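Undergrad: Let me see the structure of the following:
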Amino acid sequence: MGEAEELDQVPAGELENPEIQIEGRRISERAQSLIEVALERLSPQDRLVLRLRFEDNQSVADVARALHLEQKRLYRRLEEILGAFRKSLEENGLGWPDLVRMIERGQCHLRLPPIAPESRPARPSLSETRT
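TA: Okay, the predicted model is just below:
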């Protein structure tokens, strides 16, 4: 889709500058694609931890209790996972400050991708996470 066609699809009043909105959409799509690739590389337990922490908005302490993990180690593990996301985004040309700016504008929402129901359950089971 060309930039002129994209401008035609920008809803009036959402942002003062349609070019900023288009930039945000591009960054959001690219970031989501990179996140999905990074998530595919994670263990089932790490994916479950992220889902519980960020989708279900559980505290790290609650996640640790639910999965029978040491809380202190889980904090470090989350830092490692999020650091790897940041590094992966930056290595693929998506600067962290750019992404933060888009999030602050409400143009980019980092979300865990849905898991195809025909290939896997929505979340790894507890037995999968203990392997």
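Undergrad: tell me the mean pLDDT for stretch 39-52?
TA: Averaging pLDDT along stretch 39-52 yields 85.
Undergrad: residues of it that come out buried?
TA: The neighbour-count check on stretch 39-52 (16 or more other CB atoms under 10 Å) flags 39, 42, 44-52 as buried. Glycine gets a C-beta too; all of them are placed from N, C-alpha and C.
Undergrad: do stretch 57-67 as well
TA: For stretch 57-67, the buried set under the neighbour-count rule, 16+ other CB under 10 Å, comprises 58, 60, 63-64.
Undergrad: same deal with stretch 22-34?
TA: For stretch 22-34, a neighbour-count test (16+ other CB under 10 Å) marks 22-25, 27-28, 30-32, 34 as buried.
Undergrad: Tell me the one among those nearest to Asn92.
TA: Relative to Asn92, the closest of those is Leu34; by CB to CB it sits at 5.5 Å.
Undergrad: Quick one: neighbours of Ser88, just the number.
TA: By other CB atoms under 10 Å, 15 other residues sit near Ser88.
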